[in-house]
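> Can you look at this prediction? I've put the sequence above it.
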Amino acid sequence: MNYYLDPKFTDPKRIARERNKARELKKTSWWKQKIQKGICNYCEKKYAAGELTMDHIVPIARGGESVKNNIVPACRECNQKKRLDTPVDALLKQNSD
């Protein structure tokens, strides 16, 4: 899928700020509780906490922020497969197949 990436969202300073916020969120009890459940948000399979990654539902490069309602645990495979997609993109792909 081709994306138009708005320069205001891809500004390196903005991306660095959001990544720093994500690193801080990883240290919170909120995140630790999320990964202790061991469930990937996308495939819903069970994993050890250390196998889950932090995924931005709306990617930072597409305007997403590092806030609790935009971050979910994901297995590496799902996170890599998702790339810059949003939930809307996934629905559109599903309906076009």
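Sure, I can see it. For clarity, every value in this text was computed on a predicted model and none was experimentally measured. Numbers count the residues shown, from 1 in each chain.

> need the longest helix for the protein.
Longest helix of the chain, by residue count under DSSP state H: helix 12-26.

> what's in contact with the helix or strand just after that helix?
Downstream of helix 12-26, the first helix or strand assigned by DSSP states H and E is helix 29-37. Contact partners of helix 29-37, identified using C-beta atoms under 8 Å, 6 or more residues apart in numbering, comprise Leu25, Ala49, Leu52, Met54, Lys68, Ile71, Val72, Pro73. (Glycine included, C-beta is placed from N, CA and C.)

> which two from the residues you listed end up farthest apart in space?
Across the contacts of helix 29-37, the longest distance by C-beta to C-beta is 17.7 Å; it joins Ala49 and Lys68.

> In TSV, list the contacts of helix 29-37 along with neighbour count and distance to Asn95.
Formatted as TSV, the contacts of helix 29-37 follow (neighbours: other C-beta atoms under 10 Å; distance: C-beta to C-beta, whole Å):
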residue	neighbour count	distance to Asn95
Leu25	16	33
Ala49	12	34
Leu52	24	28
Met54	17	28
Lys68	12	29
Ile71	22	26
Val72	19	22
Pro73	23	26
